[in-house]
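1. Model the structure of this input:
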Amino acid sequence: MMAKRLSLILFLMAAWAAKAQIGMQLTAANERYLRYEPIELKLLIQNYSGNTLVFGGEDGNQDQGSLTFRIDTPSGRIIRPLDPRANLVRDLIFKPGERREVSIIINSLYDMQRSESYTVTAHLEHRRLPKIHISNSVTFEVNEGSLIMERSIGLPAMNPDEKIKSIDVRLLLFNSGTGMIYCLMLEDDENVYGTFRIGPYISGSAPQMDVDSGSTIHVLLQVRPRLYSYTIYSMVNMEAKLRQTRYYVPENGVPTLSRDTGYLKVLNARRAQEGVDFQRGEENWKRK
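-> Here you go, the predicted structure:
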């Protein structure tokens, strides 16, 4: 009986979708996100209306349509937009039959800093359409990571009399839902300047992190049985950036991040060669 009822519901949903003038498919790359990590969603939109839909007003000021989101949580907490005037499709001109993919950093639009589960649904409306079109829902969790290592670093100042600003560099271990991974977070008491997923947890292999004289952060991490990633991060205009990623294989010992020569360097390793030490895509642990 339940199977028949479910089949009927799916049939009715399919029939409703077939009558929709706008098709929408919402996806999330991950099922869990680190707190403050950018949460990027993809929304695929298809125009079945047979008409060109202009979402910006003819004078460039008045919106004729909008894209908004409903966000539900198990606690029933109301998630409000950070800027109620934000409209991601304000400049969209949507031709008949056209498909568009829109990328959304959803936690830059809504307050989703609290650790809990979120269910997101996209709502698209236009003054020429008879109803609001609603996408499928995606659900994901936002969680804290466990602190593995922490360093406080000062940032170079332009003026020698200027007060030196410091930030905290935190190496975290995070359950991504598909495995434990290491993440890097740069923050102070007021802001988070960047979060990065840097590699998988491998039992028996500890990550190494150090900071050079220019306050640049170096991380050496094993990502495969015989493959290590060496990443370098820095602050650019008060935003954390990934500057470099290189890959190494062990040679004459266990790869080590060392400053014995006066500057940071990877010892007991040589640069990995694509096609010899790894195949294209194999070095990218996120694809596994």
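2. Report the residue spans of the stretch 151-288 of the chain with pLDDT below the cut-off.
-> 261-262, 281-283, 285-288 (pLDDT under 70).
3. Kindly recompute the last result at 90.
-> Under the criterion pLDDT under 90, the flagged ranges of the stretch 151-288 of the chain are 155-165, 177-178, 213-214, 236-238, 259-263, 274-288.
4. What does residue 108 show for phi and psi?
-> When read as degrees, to the nearest 10, the backbone of residue 108 gives phi -90, psi -10.
5. and it, what is it in contact with?
-> 38, 82 (CB atoms under 8 Å, 6 or more residues apart in numbering). C-beta here means a position set from N, CA and C on the backbone, and glycine is covered the same way.
6. Would you mind confirming that residue 42 makes contact with residue 102?
-> Yes - using CB atoms under 8 Å, residue 42 makes contact with residue 102 at a distance of 7.4 Å.
7. The helix or strand containing residue 196 packs against which elements?
-> Assignment of secondary structure by DSSP states H and E places residue 196 within strand 192-200. With contacts defined as 3 or more CB pairs under 8 Å, 6 or more residues apart in numbering; DSSP states H and E, the secondary structure elements packing on strand 192-200 are strand 180-187, strand 217-224, strand 227-236, strand 239-250.
8. then it to CSV, C-alphas only?
-> Output of strand 192-200 as CSV, limited to C-alpha atoms (Å, rounded to 0.1, in the frame of the first residue of the first chain):
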residue,chain,number,x,y,z
VAL,A,192,37.2,34.7,9.4
TYR,A,193,39.5,35.5,6.5
GLY,A,194,39.5,32.1,4.8
THR,A,195,38.8,28.4,5.2
PHE,A,196,40.4,25.7,3.0
ARG,A,197,40.0,21.9,2.7
ILE,A,198,43.6,20.8,2.5
GLY,A,199,43.7,17.0,2.6
PRO,A,200,42.4,13.7,4.0
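9. quick check: angle from it to strand 217-224?
-> For strand 192-200 against strand 217-224, the angle by axes from the mean of the first three to the mean of the last three CA atoms, to 10 degrees is 30 degrees.
10. tell me which residues in strand 192-200 are buried?
-> Using 16 or more other CB atoms under 10 Å as the test for burial, strand 192-200 gives 193-200.
11. looking at the helices and strands packed on strand 192-200, which is buried most?
-> The highest mean neighbour count among these, using mean count of other CB atoms under 10 Å, belongs to strand 217-224: a mean of 22.
12. Now do that strand against strand 227-236, angle only.
-> 150 degrees.
13. Could you shift the numbering so residue one becomes 47, and keep it that way?
-> Noted, 47 is the first residue going forward, which turns the last one into strand 263-270.
14. what's the angle between strand 263-270 and strand 226-233?
-> Between strand 263-270 and strand 226-233, the angle comes out at 170 degrees (the same axes, to 10 degrees).
15. quick one: strands adjacent to strand 263-270?
-> strand 254-257 (antiparallel), strand 273-282 (antiparallel) (DSSP bridges).
16. Pipe those strands into TSV and attach distance to residue 133 per row.
-> Output for those, formatted as TSV (distance: least, CB to CB, whole Å):
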stretch	distance to residue 133
strand 254-257	41
strand 273-282	29
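17. Among the ones you listed, which comes closest to residue 70?
-> For residue 70, the closest of those is strand 273-282, at 35.7 Å, according to CB to CB.
18. which one among the buried residues of strand 238-246 gets closest to residue 75?
-> Checking those against residue 75 with CB to CB, the nearest one is residue 243 at 10.7 Å.
19. Show me the beta-bridge partners of that closest one.
-> residue 229.
20. mind listing the helices for this structure?
-> 48-65 (DSSP state H).
21. Kind regards, and thank you for your time.
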